[in-house]
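Q: Whatever this is, show me its structure:
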Amino acid sequence: MKAQTNQFIGCDTAYAKADTVIFGAPYDSTTSFRPGTRFGPNAMRTESFGIETYSMLQDKDLVDDTKVFDAGDIELPFGAPAPALKMIERQARKILKDGKRPFLLGGEHLVTLPVVKAALEKYPDLVIIHFDAHADLREDYLGNPLSHACVLRRCHDLVGDGRIFQFGIRSGTREERQFMKDGHVTAELFSDKTLAEVVARLSTSDARLSTAGKRVPVYLTIDMDVLDPSEFPGTGTQEAGGFRYDQLVADMRLICEKLNVVAIDNVELNPHLDPTGRSTALACKFLREELLAWRR
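A: All right, here's what the predicted structure looks like:
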């Protein structure tokens, strides 16, 4: 992989020496309301130079304390999702094969699916922790099973019951709620109050979820619309009643510092819907905190 001229600030370690690889998936062809998330990854790179590489919260610096390579965006075709998803999966599989950890920037939430597929090949015991305003558990959306409204349902098709833990969910259909009630996924509606219990369970090599003696591998997917739109208006489908930034940072740090996180994605930043730029600025700062909390 070649170095990019437009990188996220502080993420310029050579690919061969990096342990974490950022890559963007600028895809939003199944967006159900307001498109534009395809512009999210590039906006974050450009605006990242408005923040510091150093975090006062964690007393760590991207330059001094991490080894991150920014591979830039994949050039993806628009329209039907299947070809784009294959290209994203191929990129994630290479990163994992090379012994590195993929960090995906979306794009709409559907781009999570191919990275989960690639991670599942390497980590058959994979568990998913999901932050979102929306359940994303529909069987299909207007007849299309490959939609950002269905992405966690497609992930469930891959990992099975009891391996998806959702937090902050505050929007969905009656059918999605029944899917939760039937025990297929564990969903904490409106809040994160059971997160500490889930983290404690996953950090003790739960025999029900992983091979005995091995730490449970975790995929962390964060739809930025889990945040309240008063803090993060730059997203296509806003839902009132969401998390505060500090709350999401604290939850992320708990997960990254206590669990065996093998891949992460941040999705659904729509920079053009927030002309003030504060959503992109928040996304940049949050990404910095993630990279520092996830450092090896």
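Q: show me where this structure has strands.
A: Shown for the chain, the strands assigned by DSSP state E span residues 20-25, 54-55, 60-61, 68-73, 101-106, 127-131, 164-169, 186-189, 217-223, 260-267.
Q: Turn the ones you listed into JSON lines, including distance to Thr37.
A: Heads up, the C-betas are built off the backbone N, CA and C, glycines and all. Supplementary listing: those in JSON lines, determined by distance: least, C-beta to C-beta, whole Å:
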{"stretch": "strand 20-25", "distance to Thr37": "10"}
{"stretch": "strand 54-55", "distance to Thr37": "26"}
{"stretch": "strand 60-61", "distance to Thr37": "29"}
{"stretch": "strand 68-73", "distance to Thr37": "12"}
{"stretch": "strand 101-106", "distance to Thr37": "6"}
{"stretch": "strand 127-131", "distance to Thr37": "16"}
{"stretch": "strand 164-169", "distance to Thr37": "18"}
{"stretch": "strand 186-189", "distance to Thr37": "23"}
{"stretch": "strand 217-223", "distance to Thr37": "10"}
{"stretch": "strand 260-267", "distance to Thr37": "7"}
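Q: From the chain's centroid, how far away is stretch 276-294?
A: Put simply, stretch 276-294 sits 13 Å off its chain's centre (C-alpha atoms, centre = their mean, to the nearest Å).
Q: How about stretch 54-69?
A: Worked out by C-alpha atoms, centre = their mean, stretch 54-69 lies 20 Å from the chain centre.
Q: And the average pLDDT for that stretch is what?
A: For stretch 54-69, the mean per-residue pLDDT is 98.
Q: on that earlier part again, tabulate the strands of the chain in a markdown table, adding columns for distance to Ala196 and mean neighbour count.
A: Formatted as a markdown table, the strands of the chain follow (distance: least, C-beta to C-beta, whole Å; neighbours: other C-beta atoms under 10 Å):
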| stretch | distance to Ala196 | mean neighbour count |
| --- | --- | --- |
| strand 20-25 | 25 | 26 |
| strand 54-55 | 23 | 18 |
| strand 60-61 | 23 | 17 |
| strand 68-73 | 28 | 23 |
| strand 101-106 | 24 | 25 |
| strand 127-131 | 13 | 25 |
| strand 164-169 | 11 | 24 |
| strand 186-189 | 11 | 18 |
| strand 217-223 | 15 | 26 |
| strand 260-267 | 16 | 23 |
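Q: What separation do you get for the residue nearest to Asn266 when sequence neighbours are not counted and Asp64?
A: Leaving aside its chain neighbours, Asn266 sits nearest to Ile222 (5.1 Å; criterion: C-beta to C-beta, 6 or more residues apart in numbering). The gap separating Ile222 from Asp64 is 25 Å, by C-beta to C-beta, to the nearest Å.
Q: Run a quick neighbour tally on the nearest residue to Pro217 once chain neighbours are set aside.
A: Leaving aside its sequence neighbours, Pro217 sits nearest to Tyr123 (C-beta to C-beta, 6+ apart; 3.8 Å). By the measure other C-beta atoms under 10 Å, the count of residues near Tyr123 is 19.
Q: Break down the chain into its helices, ranges please.
A: Taking DSSP state H as the test, the helices found in the chain are 40-47, 62-65, 81-97, 112-122, 151-159, 174-181, 195-202, 245-258, 278-293.
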